[in-house]
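The sequence and its predicted three-dimensional model are supplied below.
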There are 4 protein chains.
Amino acid sequence: MADYVYGPGRTHLFVPGPVNIPDPVIRAMSRNNEDYRSPAIPALTKTLLEDVKQIFKTTTGTPFMFPTTGTGAWESALTNTLSPGDRIVSFSLGQFSLLWIDQQQRLGFTVDVVESDWGYGADLAALETKLRTDSSHTIKAICIVHNETATGVTNDLHAVRKLLDAYRHPALLLVDGVSSICALDFRMDEWGVDVALTGSQKALSLPTGLGIVCASPKALEASKTAKSVRVFFDWKDYLKFYKMGTYWPYTPSIQLLYGLRAGLDLIFEEGLENVIKRHARLGAATRLAVEAWGLKNCTQKEENFSDTVTAVVVPAYIDSAEIVKHAWKRYNLSLGLGLNKVAGKVFRIGHLGNLNELQLLGCLSGVEMVLKDIGYPVKLGSGVAAAAAYLSNSTPLIPSRI
Amino acid sequence: MADYVYGPGRTHLFVPGPVNIPDPVIRAMSRNNEDYRSPAIPALTKTLLEDVKQIFKTTTGTPFMFPTTGTGAWESALTNTLSPGDRIVSFSLGQFSLLWIDQQQRLGFTVDVVESDWGYGADLAALETKLRTDSSHTIKAICIVHNETATGVTNDLHAVRKLLDAYRHPALLLVDGVSSICALDFRMDEWGVDVALTGSQKALSLPTGLGIVCASPKALEASKTAKSVRVFFDWKDYLKFYKMGTYWPYTPSIQLLYGLRAGLDLIFEEGLENVIKRHARLGAATRLAVEAWGLKNCTQKEENFSDTVTAVVVPAYIDSAEIVKHAWKRYNLSLGLGLNKVAGKVFRIGHLGNLNELQLLGCLSGVEMVLKDIGYPVKLGSGVAAAAAYLSNSTPLIPSRI
Amino acid sequence: MADYVYGPGRTHLFVPGPVNIPDPVIRAMSRNNEDYRSPAIPALTKTLLEDVKQIFKTTTGTPFMFPTTGTGAWESALTNTLSPGDRIVSFSLGQFSLLWIDQQQRLGFTVDVVESDWGYGADLAALETKLRTDSSHTIKAICIVHNETATGVTNDLHAVRKLLDAYRHPALLLVDGVSSICALDFRMDEWGVDVALTGSQKALSLPTGLGIVCASPKALEASKTAKSVRVFFDWKDYLKFYKMGTYWPYTPSIQLLYGLRAGLDLIFEEGLENVIKRHARLGAATRLAVEAWGLKNCTQKEENFSDTVTAVVVPAYIDSAEIVKHAWKRYNLSLGLGLNKVAGKVFRIGHLGNLNELQLLGCLSGVEMVLKDIGYPVKLGSGVAAAAAYLSNSTPLIPSRI
Amino acid sequence: MADYVYGPGRTHLFVPGPVNIPDPVIRAMSRNNEDYRSPAIPALTKTLLEDVKQIFKTTTGTPFMFPTTGTGAWESALTNTLSPGDRIVSFSLGQFSLLWIDQQQRLGFTVDVVESDWGYGADLAALETKLRTDSSHTIKAICIVHNETATGVTNDLHAVRKLLDAYRHPALLLVDGVSSICALDFRMDEWGVDVALTGSQKALSLPTGLGIVCASPKALEASKTAKSVRVFFDWKDYLKFYKMGTYWPYTPSIQLLYGLRAGLDLIFEEGLENVIKRHARLGAATRLAVEAWGLKNCTQKEENFSDTVTAVVVPAYIDSAEIVKHAWKRYNLSLGLGLNKVAGKVFRIGHLGNLNELQLLGCLSGVEMVLKDIGYPVKLGSGVAAAAAYLSNSTPLIPSRI
């Protein structure tokens, strides 16, 4: 069966998730089901649980691989560590932080929302004030999105940890790393993150279907007394099966397990630090292109620039949704829509996952043509030139080919 | 990458889930991710939501395709229709009904458990008593597993409906159809089922990852006032996106959507009624083999015989787990373990999903060899002969090849 | 198993064959073997033989799909129509015409070679002289490569036909369409081509393995008396099995048959004329980039510009092999080497097969970076800008997405 | 796209080629094209050429992997070692030896045909007579099919070698190992075979497309003076590219190279001797089933019994073609037709390639049902029982699972 709306050549997928799956992973997943109770699947799972810790940079954390999405992973992080009514400080700075806050509220927590204008990072000064005045430790958790996918804003998690430490505050630090982990610099242990989570369809470059949640010893301890109602997302069931060595309280996706194995193998072959550097390279190149086009980055401060997604602000006379539509209809290019408050105002270029320089330059040349077609006076080639000037100096040789 | 524990030839997968995936479905799923916000995915989703109703035999139901497993689908069925403390009548008759009851209790419902000995069907006389005495309608829902996978027991749903009608009882009828829907006779509308659910890795013959929940208008109505806390599994979010025509509140698995499309196409090409007849044929053949071997079916009454899984009782001097282990180690055959109360006492032959006569006969010949190897005095060929005698008379020609 | 020399992201394949295979074709080929004597394979083959004629633009031709490469297809074209010692006029203008001439000589024909400098088209004036002076019709065949892949030269087949007609010369016209058919304008019937051939790994965008040879009625007639020794490549055996309706004198590749079916379906969905226009578009864009870089096209005359491959001449101080090596090592970009007389002097950009605008622009941006890295004073973005200016004006909307 | 004539469940492929492809091989081949001139493909090819020698059991031979079928491999073996008019002794004992003889004659050799009745092995007594009387060494080659696929007859190659040695006859020994190599005991070096050949779709369990020809030093020497016309199949071109380290005179199938790599890896993981033992086991089991059914093996002498294919003779009142047709139409089972002299009289069970015990037993149970359906008074289960009795005693544990 062909794709539903076939266009010649390869679809250029540059939404910030789901992202491009490397061919070896697609191959590894192209397989029949297996009995998950045979010795093979536990043996495979064991290697995955061990190796997945590396992408969280944790040795003390306990990972859980839920058959779910990032939204489910959020729910698992919250319900396993908190009780109804618990006070949470949560940062609102874009569509995904908003959605998480909505979930926090619907799950019955008392959410103390710290607002930022869209395009700005989390307001840590406000957090500091709250921490300073919370000597009775009513704040049970800080919830923060490491990388807000809607605005291309990366928050400084280390700074959050330093504040918590400065005030010796015992609140749990819960981090949405959906569009950061395995692409941006993320250090669970070093930064004292209590629960970190991601989804398989982001930087891991797999299909949607695994919500990976990693819990610190402190978070595991909290889960013993947390009163939120949970069954499907309950860590306790997993822990029980971990101990038994069978690992799965219910049926996992055999294909995603083999896919994760293949995906991790590729990441380790490239080297996690090299993966992160590649994202930094592609992020920098993209921003140089945006600048060359005379457009603004939705992200307001350089310190928050995201290396996984760039939200580009278009002039008021252009509807950014038209850009996205036109890119797909004419150039087989998938860009990210502007969401909610920035709908119509920004379009997004996702540059995360298993992606290389020439793929990005193809995308940027496509964006240039779309901008021209849609009536923006872009100089064709300008963004590509700026990006290429940077990339040709910074792209290393492929190690296996030297 | 080879399979984790490679053996020559094809693995014979006869656990009652996850089941064999047809090659055209594996092919359809072997693909890159796509932007789920492009027009293609909603268009595809729309056909799936429409067509999936057919396997539930409903025209009035509303299906939800959650990125989850059967356990998640259970949770969605319960939390969307009930409020904490609500009284449920639930039947305990095997491992999977037990697990569902455990979930019901942990979600905070008042569960009125009706026990049956393992191997027996749901105790409908007990239900009748409860309904008769519940003139104040304290019972909010009846929860029943259509086909208990642990014991190979199929329950009579139509009889449940008739009891509810006889007593004009408004309780919702919630049905776990995980190992029945799309394989056994199941009629959502005709039998007045309020919520029916299944998982993709069972009779639909896909990988694990879709928990499909179908709600009657009455269940949808109930969801408006149900107070159980839910976010990820909330029908409300889906309904909102259905109205907007984008269909997905969070990222679906692109691969599973294409896989479901291909899987439904195969089911419709064969004809759902023919699929059900094929399961009846394979179920009957399996039971004849068991009888020929001189072994007992765990299912005690003919009316409860399951056409998707047969639980075979072994003599006391044999550990059924050894049978399963040996089958896998020597003959590349995956059989189902006995679970919980029947651990060591039964092994299970799953005969559901995309499977044909010769595959089953290969499995049965394998079981015979295992029984012999393990010390049971089976007459080699006896079960195969009994099954083949039945099958050769009842197997129709393949329509596309006539 | 990962690729042998893994690099992150997608490999950018721009050699003039083997070319990129569309994902739906890869999927269609991902399958087990089948009995080629069952009714299914002949039924499938029948549709292929009928439909493949369309890409040759013939209604009177008879196609043969040999399990071989282009080299084998050459051999089949020659040995089925000619006898040892027969005089052939053959044009030498690049590596592939040279190799064909070598084959012609080794097969025992008397080859009258018409030389052109590399970069020039076939010398039709010389042909005219030969035809004029051959009143006794000693010339039995004219052999010409439609598109010389080594130099990016497309020859004017229609002009050859007009010369043959002008002199009422009965010589057979044998055409290598390996890098032209299904990408360039090719008209077997209208141009009176007697044997045309191509390979599956070129514009058809399949794996290597099918050498497709199409014979005119006149060629079929000639095959009855041709005395060249042949068995594997003999049309007679195929014709016998065509009549029997089983089609295959020996085992075909089941996978390639399904792949060809899927590939033809995509070509017909796009429309053959649109496929040809797409190649014209990508060819023109590439040449504009080369010009913008200040480099020369190896092809000397505009009338011979090839829309499937562009051979780019590098300055004397650069070794073109270094460009190819560097592109692969640093940017995961596969370019074509300069072959034989132009080794070290040209590199080649293949722009044929299932390819779109943004893929090409990604490649062009890669070439720019390589040129810069290697020491050529290219203005980054210049070629991409020139190509994009042309493409943004000429690329149509994708019909299925309007 | 579904299979052309879809039937539920797995197709049971038991023709003696093309055979079942293991899933890891299908996965390895599910890939895009690559530049075959990049360093990756020569590096891969080098490992293949080295490793493929193992399946021929040769250390001194030189393998050639032609993009062709077994018929092409035949042609390559003959034309590279012989000159037109050369005298060959060739054994006629079934359809495939007949076809090879036909090719030998059409290629212009003087073929001295030694006939056997179909079902009997090569007449070595006749060979001995010829060798004894050929003191002038007019016989240039002995051509013999190791395993005649049409009748299930395996010839004694070692005996042929001993005769040649006894008479110190310098004739080349050319062996068709298409349905033997990698499945039966075959020893190129030890038995002094000069050219051995096979096809990828047979015991190697790949798609059709590689004709692998292995030449002894003596054969290579002969190729220097052999005058048969050849280009595509010429070893000389390969040897030239072997020396250059690029390996390919024309484009290979990238997919088949990766497939062969994966296939060899599986064979070596199992162990070639274990692969051969597995074939012996399945062959013996099949013959026991045939005997239990009261049917005759087409092979007349036990010493010629083939472990890769069994040709079963049906009673005169049954048309064996009906058995094959019915098996496919009703049970999704592909059996081999009787060919030429035994058309209508035998059907064939192919039991070669990547196949295991339960697959075979499924097939045998299917044959039983077909026999019954078609009117032969078979006792259902009888063949399966006989085969299983043998197999349960002889099947070893799977090493990776112990």
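That came through, no problem.

Show me what from chain A comes close to chain D.
Residues of chain A lying near chain D by CB under 8 Å from any CB of the partner chain: A:1, A:23, A:26, A:27, A:28, A:30, A:31, A:32, A:39, A:401. To be clear about C-beta, it is placed using only N, CA and C from the backbone, and glycine gets the same treatment.

Between those residues, which sits nearest residue B:263?
The shortest gap between residue B:263 and any of these belongs to residue A:1, at 11.7 Å (CB to CB).

pLDDT score for the closest one?
On pLDDT, residue A:1 comes in at 40.

Repeat that for residue A:402.
You'll see residue A:402 listed with a pLDDT of 87.

again with residue A:318
Note for residue A:318: predicted pLDDT of 98.

And for residue A:168?
You'll see residue A:168 listed with a pLDDT of 98.

same deal with residue A:162?
Listed pLDDT for residue A:162 reads 98.

same thing with residue A:40?
95.

Just put the residues of chain A next to chain D in CSV and tack on distance to residue C:283.
Listed next are the residues of chain A next to chain D as CSV, based on distance: CB to CB, whole Å:
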residue, distance to residue C:283
A:1, 31
A:23, 28
A:26, 31
A:27, 33
A:28, 37
A:30, 35
A:31, 40
A:32, 44
A:39, 57
A:401, 29
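
which among these gets closest to residue C:205?
Nearest to residue C:205 out of the residues of chain A next to chain D is residue A:23 (CB to CB; 16.1 Å).

How about the closest one: what's its closest non-neighbour residue?
Among residues not flanking residue A:23 along the chain, residue D:31 sits closest, at 6.1 Å (CB to CB, 6 or more residues apart in numbering or on different chains).

residue contacts, that neighbour?
Contact analysis of residue D:31 by CB atoms under 8 Å, 6 or more residues apart in numbering or on different chains lists A:23, A:27, C:3, C:26, D:254, D:255, D:258.

Show me what from the stretch 151-300 of chain A comes close to chain B.
Near chain B, when you scan the stretch 151-300 of chain A using CB under 8 Å from any CB, you find A:199, A:201, A:207-209, A:228-234, A:249-256, A:258, A:261-262.

quick one, strands of chain A?
Secondary structure of chain A (DSSP state E): strands located at A:12-13, A:62-66, A:87-92, A:110-115, A:139-145, A:147-148, A:153-154, A:172-176, A:195-199, A:211-215, A:296-297, A:309-313, A:333-334, A:346-350.

Just put those in TSV and tack on mean pLDDT and mean neighbour count.
Below are those laid out as TSV (pLDDT from 0 to 100; neighbours: other CB atoms under 10 Å in any protein chain shown):
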stretch	mean pLDDT	mean neighbour count
strand A:12-13	98	24
strand A:62-66	98	23
strand A:87-92	98	22
strand A:110-115	98	17
strand A:139-145	98	26
strand A:147-148	98	32
strand A:153-154	98	26
strand A:172-176	98	26
strand A:195-199	98	30
strand A:211-215	98	29
strand A:296-297	98	19
strand A:309-313	98	27
strand A:333-334	98	25
strand A:346-350	98	27
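
Tabulate those strands (JSON lines), appending distance to chain C.
Output for the strands of chain A, formatted as JSON lines (distance: least, CB to the nearest CB, whole Å):
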{"stretch": "strand A:12-13", "distance to chain C": "5"}
{"stretch": "strand A:62-66", "distance to chain C": "22"}
{"stretch": "strand A:87-92", "distance to chain C": "32"}
{"stretch": "strand A:110-115", "distance to chain C": "37"}
{"stretch": "strand A:139-145", "distance to chain C": "26"}
{"stretch": "strand A:147-148", "distance to chain C": "20"}
{"stretch": "strand A:153-154", "distance to chain C": "21"}
{"stretch": "strand A:172-176", "distance to chain C": "25"}
{"stretch": "strand A:195-199", "distance to chain C": "19"}
{"stretch": "strand A:211-215", "distance to chain C": "21"}
{"stretch": "strand A:296-297", "distance to chain C": "20"}
{"stretch": "strand A:309-313", "distance to chain C": "17"}
{"stretch": "strand A:333-334", "distance to chain C": "6"}
{"stretch": "strand A:346-350", "distance to chain C": "13"}
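
ok, residue A:357 to residue B:185 distance?
According to CB to CB, to the nearest Å, residue A:357 and residue B:185 sit 57 Å apart.

Neighbour count: these two, which is higher?
Applying other CB atoms under 10 Å in any protein chain shown to residue A:357 and residue B:185 shows that residue A:357 carries more neighbours, namely 29 against 17.

Just give the closest residue to the more buried one, not the sequence neighbours.
Nearest in space to residue A:357, with sequence neighbours left out and distances taken as CB to CB, 6+ apart, is residue A:391 at 4.9 Å.

OK, contacts around that neighbour?
Taking CB under 8 Å, 6+ apart, one finds A:281, A:285, A:357, A:361, C:369 in contact with residue A:391.

residue ranges of the helices in chain A, please?
Taking DSSP state H as the test, the helices found in chain A are A:23-29, A:40-56, A:70-79, A:95-106, A:124-132, A:157-166, A:217-223, A:235-244, A:254-270, A:272-292, A:320-331, A:357-374, A:382-394.

and the first one, what other elements does it pack with?
Translated: helix A:23-29. Secondary-structure packing of helix A:23-29 (3 or more CB pairs under 8 Å, 6 or more residues apart in numbering or on different chains; DSSP states H and E): helix A:254-270, helix D:23-29.

Kindly present those helices as TSV, with separate columns for mean neighbour count and mean pLDDT.
Below are the helices and strands packed on helix A:23-29 laid out as TSV (neighbours: other CB atoms under 10 Å in any protein chain shown; pLDDT from 0 to 100):
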stretch	mean neighbour count	mean pLDDT
helix A:254-270	22	97
helix D:23-29	25	98
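
Could you dump those into CSV with distance to residue C:108 added?
Below are the helices and strands packed on helix A:23-29 laid out as CSV (distance: least, CB to CB, whole Å):
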stretch, distance to residue C:108
helix A:254-270, 52
helix D:23-29, 38
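
closest to residue A:162 out of those helices?
Comparison of the helices and strands packed on helix A:23-29 against residue A:162 by CB to CB identifies helix A:254-270 as nearest, at 28.9 Å.

and the closest one with chain C, contact?
Yes: interface with chain C: helix A:254-270 contributes A:262, A:265, A:266, A:269, A:270 (CB under 8 Å from any CB).

Residue ranges in chain A under the pLDDT threshold?
Residue ranges of chain A with pLDDT under 70: A:1-4.
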